[in-house]
Every structure is written in C-alpha cells, then in structure tokens.
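Participant: need a structure here:
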Amino acid sequence: MLGENHSVHQEFPEQHELIERLMAEDMHFKRIADEYNMMDKEIRGIEMRDSPIDDSAFREMKKKRSLLKDNIYQMLLKHS
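Facilitator: From the prediction side, this is the model:
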C-alpha cells in the first residue's frame with residue numbers, strides 16, 4: 001500500500017523494548033535503524049506526493065531499505 005509506515009517499530013512491534021535498548025546502547029544498531037527510518041520516510045514522501053522519480057532509482061531506494069531491514073532483523077535476532 002502506498003504511503004504505509006514501515007518504520008523499525010512498525011515492522012517489529014514485538015521487539016519494541018529491545019529496539020529502544022539497542023538504540024540507546026549500540027551505536028551501530030542506532031545508525032542502521034536511523035538510516036532505515038530515514039529511507040522509509042523518504043520513500044513514503046515520494047509515494048504520498050507522487051513525486052517524479054525514475055523507476056530504477058525508486059526500486060534501488062526500496063532495495064536499500066529492504067537490505068537495511070534485513071540487517072536490523074539479524075541484529076534483533078542476535079540480541080534476543
């Protein structure tokens with residue numbers, strides 16, 4: 001769905017407390033999560049405003065967001 005919020009907390013609601021702890025204690029996790037959230041916000045903005053963007057550039061943005069999400073998931077598993 002266009003414009004849907006895919007923030008870290010939305011994607012992993014059951015891990016809310018762990019996310020908060022890692023955001024405070026693990027600077028690598030925080031950097032990845034912040035980059036993911038920023039990328040998600042940018043993608044949502046493009047979708048909501050129907051901003052002109054090259055399809056391949058938009059696919060690359062979504063691919064990068066997906067890779068960041070995979071990294072976040074792996075870090076959450078490691079700390080669970």
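Participant: use CA for all of it now, contacts and neighbours both
Facilitator: Noted.
Participant: Would you mind putting the CA coordinates of stretch 72-80 into CSV?
Facilitator: Only the C-alpha atoms of stretch 72-80 are listed here, as CSV (Å, rounded to 0.1, in the frame of the first residue of the first chain):
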residue,chain,number,x,y,z
ILE,A,72,18.1,-4.9,11.6
TYR,A,73,16.3,-8.2,11.8
GLN,A,74,19.6,-10.1,12.1
MET,A,75,20.8,-7.8,14.9
LEU,A,76,17.5,-8.2,16.8
LEU,A,77,17.8,-12.0,16.5
LYS,A,78,21.4,-11.8,17.8
HIS,A,79,20.2,-9.9,20.9
SER,A,80,17.0,-11.8,21.6
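Participant: Contacts for that stretch next, please.
Facilitator: For stretch 72-80, the surrounding residues in contact (Cα atoms under 8 Å, 6 or more residues apart in numbering) are 15, 18-19, 29, 32-33.
Participant: ok, which stretches of the protein are helices?
Facilitator: Per DSSP state H, the chain carries helices over the ranges 8-11, 16-25, 27-49, 55-79.
Participant: so which pair among the contacts of stretch 72-80 is furthest apart in space?
Facilitator: Q15 and I32 (15.8 Å; Cα to Cα).
Participant: What is the neighbour count of M39?
Facilitator: Residues within reach of M39, counting by other Cα atoms under 10 Å, total 20.
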